[in-house]
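In: Could you look at this predicted model? Sequence included:
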Amino acid sequence: MREFTYVITDPEGLHARPAGLIVKLAQTCASEIHIHVNGKSADAKRLFSVMKLAAKCGQELRITVDGSDEDAACQALTDFCLAEL
Amino acid sequence: MKTLHGIPASPGIAIGPAWLYSPDTPAVFPQLSQLTAEEERQRFSQALELAHSQLDALYEKTSREVNPDAAQIFEIHKMMLEDLDYLESIEDHISQLHTAEQAVSVTGQEFAQMLADMDDEVMQARSADVRDITRRLLGILTGQSAQPPLTTPGVVCAWDLFPSDTMQLPRQLVLGFVTEQGSHTSHTAILARTLGIPAVVGVSELTRQQLTGEVIVDGSQGLVILDPDEETMAQYRLAQESYRQQQAELAQYRDQESRTKDGVALEICANIGYPADADHVVEVNADGIGLMRSEFLYMDSPSAPDEEAQYQAYSQVLRKMAGKRVVIRTLDIGADKVPDWLDLPHEENPALGWRAIRMCLDHQALFRTQLRALLRASVHGRLAIMFPMISRLEELHRAKELLADCRRELEQAGVPVSHDIEVGMMIEVPSAALLADQFAPEVDFFSIGTNDLTQYTLAADRLNQKVAGLFDSSHPSVLRLIAHTAASAAAQGIWCGICGESAGDLSLLPFYISVGVRELSVVPGKVWELRRALSQIDSTAPLPNK
């Protein structure tokens, strides 16, 4: 299993558009991916689940990746966070 | 005649017959199925397929007619329809022998309610999207279409509008939007602004009115006038015409160079407070960002923002501006603007107190974090760093030393830093303006903050009603300081700009040009107006006596 943390800098937080994009990206990965923030966690492949996190600007996401493509998935998710969040 | 007040959501004036849009008439359907669960599953999956193709078409249309960003929402709708939690809930109902309609309806209500109950405005607004997809599926399953189509031009009045409503309505027939719900940032408001359709939202009691006659929408003032009398109607027809002419004329300045009639080039830039505002700057095609305030990072955050968060925010703006200059002002807070996590003592006179560069120089860890983030971000575009509130040379020296020190630290660690960063200062304290000739050899640019410069020069607090009349950015004393600053810059061969509010004062434009100011930074919405005014000025003409 791999994991990384990222602090959201988008002033609107993890709102619908980036939530949609991250779910889309997660769905292309074979690994199990979870997002943890604020003591809650969500299956990154489920949109409503990610939206329910209501992660805001300045909060730290911990993303865990577990599965056969975890290195590539972790890299792709890191790039995504840097570019979109 | 009756006047209703709401939130101005998209400027302009619309006049036409009211058209009440109420698509939420509930569809009628049985709850329990006469068919097998397998047959209901079939019906649902066929409806789902059709919904997807409708959303694809809406996505296409919105991308083409508005922009791909606005179309994103329909991608989100598609993803909601594919969400496993959502589909599992529907399957659950169908397996209990509910009709597909009942399954969709109950699931939709549950999910919409879940979002509406969240303690987060952004997510609450998404519950409208769930109701939108629910309505779409029910429409397909029952074959019932609730609303007769709009066939003649009208003003759309509704309790609320979903993104799909806004896009599905025939655009050439929609004169304006008025809704009872909504805020300045709701989808309808954003789309209306992008499409240039006047809109007023948040009009309470709207749908309780008799909406059968003519209606005037004043999207700039946030007014909705029902059944206007003849005089009001005539006034608004004139206002509408002049607004249209003005807009059409201004839009030509989007792609024009910022030059005077006789060819003197200036930069007309924009001020921003948040990274997302950079999109608007790109839209109006400003020549750069003349002032990006960095306070948002500090004020909106539960703790001091770390280097990485700042690096991301600055990089995002630099990339969006694609090589145009971005002037980022270092932290400018004091006792009048204090983030929760910083414990600043109360001050009797915060404007003259421990603020901006004074605080940063005392709080070096905080300042270094910002400087390092700026330096790291510099490789993503054309960065200029600006120090606020400098009143003495020593402060500038110390700030520059810290910056050089942070650069050395990063370079030793092998972190790339651009070699073309401009370093400048705000001229907002009279002492700095008076000594501009001594400051000029030390910086790459000056940017005059006319709000503070005026307040300090005339000793007048413009927020104090009793002395607000004394606050005058065109007072000869202020203009003399501006002239001295610009002349000192020119003598040293550096540029001088203005980023205070009076940068947008058209009556001062000939003066600014004559003294050698070469950059003006204003709110994005004023860029075209300023560019037009500039194009009409002959810099060789004598100035009117002031």
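Out: Right, received. Where do you want to start? Residues are numbered from 1 along each chain as shown, chains lettered A, B, ... in the order given.

In: Give me the pLDDT for residue 70.
Out: Went with chain A since none was named. With respect to pLDDT, residue A:70 scores 89.

In: Not quite, go with chain B.
Out: pLDDT at residue B:70 comes out at 76.

In: same check, this time on residue B:25
Out: 60.

In: ditto for residue B:156
Out: Reported pLDDT for residue B:156: 92.

In: State the helix or strand in which it lies.
Out: Secondary structure assignment for residue B:156, by DSSP states H and E: strand B:154-158.

In: Mind giving me the packing neighbours of that strand?
Out: On a contact count with 3 or more CB pairs under 8 Å, 6 or more residues apart in numbering or on different chains; DSSP states H and E, strand B:154-158 meets strand B:13-21, strand B:174-179, strand B:214-218. (C-beta placed from N, C-alpha, C; glycine too.)

In: could you dump the ones you listed to TSV with mean neighbour count and distance to chain A?
Out: As requested, these are exported to TSV (neighbours: other CB atoms under 10 Å in any protein chain shown; distance: least, CB to the nearest CB, whole Å):
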stretch	mean neighbour count	distance to chain A
strand B:13-21	20	24
strand B:174-179	26	20
strand B:214-218	25	28
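
In: Need those strands in JSON lines (columns: mean pLDDT and distance to residue B:385).
Out: JSON lines is the format used below for the helices and strands packed on strand B:154-158 (pLDDT from 0 to 100; distance: least, CB to CB, whole Å):
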{"stretch": "strand B:13-21", "mean pLDDT": "91", "distance to residue B:385": "43"}
{"stretch": "strand B:174-179", "mean pLDDT": "92", "distance to residue B:385": "43"}
{"stretch": "strand B:214-218", "mean pLDDT": "95", "distance to residue B:385": "43"}
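
In: For my notes, please list those in TSV and give distance to residue B:120 for each entry.
Out: Formatted as TSV, these follow (distance: least, CB to CB, whole Å):
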stretch	distance to residue B:120
strand B:13-21	28
strand B:174-179	22
strand B:214-218	31
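
In: Quick one: closest of those strands to residue B:425.
Out: strand B:214-218 (42.9 Å; CB to CB).

In: who touches the next helix or strand after that closest one?
Out: Next along the chain after strand B:214-218, taking DSSP H and E as the criterion, comes strand B:223-226. The contact list for strand B:223-226 (CB atoms under 8 Å, 6 or more residues apart in numbering or on different chains) reads B:1-6, B:18, B:178, B:200, B:203, B:206, B:209-211, B:213, B:215-218, B:232, B:236.

In: try it again with 7 Å
Out: B:1-6, B:178, B:200, B:203, B:209, B:213, B:215-217, B:232 (CB atoms under 7 Å, 6 or more residues apart in numbering or on different chains).

In: Give the pairing partners of that strand; include direction for each.
Out: strand B:2-5 (antiparallel), strand B:214-218 (antiparallel) (DSSP bridges).

In: Give the rounded mean pLDDT of it.
Out: Mean predicted confidence for strand B:223-226 is 94.

In: Output it in PDB with nothing but the alpha carbons.
Out: Extracted in PDB, the C-alpha atoms of strand B:223-226 (Å, rounded to 0.1, in the frame of the first residue of the first chain):
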ATOM      1  CA  LEU B 223     -34.400  45.100  -9.900                       C
ATOM      2  CA  VAL B 224     -37.400  43.300 -11.400                       C
ATOM      3  CA  ILE B 225     -40.300  45.500 -12.400                       C
ATOM      4  CA  LEU B 226     -43.700  43.800 -13.100                       C
END
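
In: Not counting the helix or strand that comes right after that strand itself, show me its contacts.
Out: Beyond strand B:223-226 in the direction of the C-terminus, DSSP H and E gives the next helix or strand as helix B:230-251. Residues from elsewhere that reach helix B:230-251 (CB under 7 Å, 6+ apart): B:1, B:12, B:13, B:15, B:216, B:225, B:528, B:529, B:532.

In: give the contact list for residue B:44.
Out: Per CB under 7 Å, 6+ apart, neighbours of residue B:44: B:90, B:94, B:100, B:103.

In: which residue packs closest to the third one, ignoring adjacent ones?
Out: Spatially, and ignoring its direct neighbours in sequence, residue B:100 is nearest to residue B:44 (4.1 Å; CB to CB, 6 or more residues apart in numbering or on different chains).

In: before we move on, back to that, of the strands paired with strand B:223-226, which approaches residue B:370 most closely?
Out: So among these, strand B:2-5 is nearest, using CB to CB, at 42.3 Å.

In: Get me the contact residues on chain A for chain B.
Out: For chain A, the residues in contact with chain B (CB under 7 Å from any CB of the partner chain) are A:7, A:9, A:11-13, A:15-17, A:20, A:23-24, A:46-49, A:51, A:54, A:57-58, A:82.

In: If we go by neighbour counts, what in the strand or helix carrying the residue nearest to residue B:100 is buried?
Out: Applying DSSP H and E as the criterion places residue B:44 in helix B:37-65. Residues B:40, B:41, B:43, B:44, B:47, B:48, B:51, B:54, B:55, B:58, B:59, B:62 are the ones in helix B:37-65 that count as buried (16 or more other CB atoms under 10 Å in any protein chain shown).
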